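A.B. asks: Let me see the structure of the following:
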Amino acid sequence: MTLNEICKILQADFIGDVKDLDKEIKMACGSDLMSDVLSFIKADSLLLTGLANPQVVRTAEMAGIAGICFVRGKQPQPGTVKLAEEKKIPLLTTKLSMHESCGRLYREGLPGCDELK
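C.D. replies: A predicted model of the protein is given here:
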């Protein structure tokens with residue numbers, strides 16, 4: 001599933017300068033605990049989170065995450081957006097809850113990180 005398709009499914013908006021709307025996302029994972037992200041999420045995934053600080057971008061870089069979607073309408077600070085642009089990690093925001101966001105993506109065929117071993 002592409003970032004552009006995900007954006008439509010989640011009624012999301014891109015944040016900052018996103019260049020590759022056709023970037024392929026293989027799976028998704030929702031978490032607000034960055035220790036869980038480092039332990040369980042797989043590379044090329046979309047991270048759905050309610051945390052909007054620079055640590056999320058740093059964690060995403062370490063884990064090889066393909067994109068971050070902030071749920072519940074969260075908006076990252078300009079420094080977080082700048083860091084994501086430097087690391088080439090696309091950012092999205094949706095007003096949907098984490099539960100609703102994960103459910104919609106799963107219903108449309110995007111697997112969770114625990115499904116692909």
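
A.B. asks: Based on its surroundings, how many neighbours for the residue nearest to residue 54 when sequence neighbours are not counted?
C.D. replies: Leaving aside its sequence neighbours, residue 54 sits nearest to residue 80 (C-beta to C-beta, 6 or more residues apart in numbering; 4.9 Å). All C-beta atoms are positioned from the backbone trio N, CA, C, and that covers glycine. When neighbours are defined as other C-beta atoms under 10 Å, residue 80 has 23 of them.

A.B. asks: again, but for residue 29
C.D. replies: Around residue 29 there are 21 other residues, counting by other C-beta under 10 Å.

A.B. asks: Could you name the helices and strands sitting against the host helix or strand of it?
C.D. replies: Residue 29 is located in strand 27-30, with elements delineated by DSSP states H and E. Under the contact criterion of 3 or more C-beta pairs under 8 Å, 6 or more residues apart in numbering; DSSP states H and E, strand 27-30 touches strand 45-49, helix 98-107.

A.B. asks: Now do the last one: which elements does it pack against?
C.D. replies: Under the contact criterion of 3+ C-beta pairs under 8 Å, 6+ apart, the helices and strands touching helix 98-107 comprise helix 3-9, strand 27-30, strand 45-49.

A.B. asks: okay if I get those as JSON lines plus mean pLDDT and distance to residue 38?
C.D. replies: Below are those laid out as JSON lines (pLDDT from 0 to 100; distance: least, C-beta to C-beta, whole Å):
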{"stretch": "helix 3-9", "mean pLDDT": "96", "distance to residue 38": "22"}
{"stretch": "strand 27-30", "mean pLDDT": "95", "distance to residue 38": "11"}
{"stretch": "strand 45-49", "mean pLDDT": "97", "distance to residue 38": "11"}
